[in-house]
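A.B. asks: Turn this into a structure:
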Amino acid sequence: MFLRVVKAAGGKGVTHEYVRLVEAYRENGKTRHRTVLNLGRRDLLASHLDLDKLSHVLHGTARPGPRREAIQAVAAWDWGPMLAVRQLWAELGLEATLDRLAGPARRDGVALSDRALVLVANRRQSRPQH
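C.D. replies: Predicted coordinates:
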């Protein structure tokens with residue numbers, strides 16, 4: 001797969017560049033290209049997506065990502081429910097209990113209580129049908 005930039009004429013003589021994710025395949029011995037995903041206008045993507053990095057990921061030449069310590073929340077509007085669940089989790093003693101029962105930490109350093117918290121917090125309650 002690779003990225004392809006396509007120019008398209010817009011209204012009033014304006015030309016826009018669109019970015020597409022394209023895959024190459026063979027059909028009857030001939031190489032063909034198929035658009036897998038239209039990513040959008042290049043100028044609008046520039047503020048959200050580094051096309052060079054994406055290209056490296058697609059070709060398998062990407063460098064390792066940031067360390068966990070370097071990742072921070074940009075906005076907190078979606079953290080409210082998770083913070084409430086985490087507080088309840090700690091008050092009920094589930095964090096300490098699971099960590100005590102789990103034994104030694106895993107290789108990736110993520111505690112069992114953290115793994116279980118995510119699963120419980122994201123569980124969707126199914127309501128009975130009447």
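A.B. asks: tell me the mean pLDDT for stretch 112-129?
C.D. replies: For stretch 112-129, mean pLDDT rounds to 72.
A.B. asks: Over to stretch 15-34?
C.D. replies: Across stretch 15-34, the average pLDDT comes to 93.
A.B. asks: for it, the distance to its chain's centre please.
C.D. replies: Centroid displacement of stretch 15-34 relative to its chain, using C-alpha atoms, centre = their mean, to the nearest Å, is 25 Å.
A.B. asks: What of stretch 37-52?
C.D. replies: From the chain centre to the centre of stretch 37-52 is a distance of 16 Å (C-alpha atoms, centre = their mean).
A.B. asks: Show me which residues of that stretch are buried.
C.D. replies: When burial is assessed from 16 or more other C-beta atoms under 10 Å, stretch 37-52 yields the following buried residues: 39, 42, 45. The C-beta positions use only the backbone N, C-alpha and C, and glycine is treated the same way.
A.B. asks: Helix or strand: which one has residue 90?
C.D. replies: Using DSSP states H and E, residue 90 sits in helix 80-91.
A.B. asks: With only the CA atoms kept, save that helix in PDB.
C.D. replies: Taking C-alpha atoms only, helix 80-91 is exported to PDB below (Å, rounded to 0.1, in the frame of the first residue of the first chain):
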ATOM      1  CA  GLY A  80     -15.100  12.300  33.500                       C
ATOM      2  CA  PRO A  81     -16.700   8.900  33.600                       C
ATOM      3  CA  MET A  82     -13.400   7.100  33.700                       C
ATOM      4  CA  LEU A  83     -12.100   9.200  36.600                       C
ATOM      5  CA  ALA A  84     -15.300   8.400  38.500                       C
ATOM      6  CA  VAL A  85     -15.000   4.700  37.900                       C
ATOM      7  CA  ARG A  86     -11.300   4.700  38.900                       C
ATOM      8  CA  GLN A  87     -12.200   6.500  42.200                       C
ATOM      9  CA  LEU A  88     -15.000   4.000  42.900                       C
ATOM     10  CA  TRP A  89     -12.600   1.100  42.000                       C
ATOM     11  CA  ALA A  90     -10.000   2.400  44.500                       C
ATOM     12  CA  GLU A  91     -12.600   3.000  47.300                       C
END
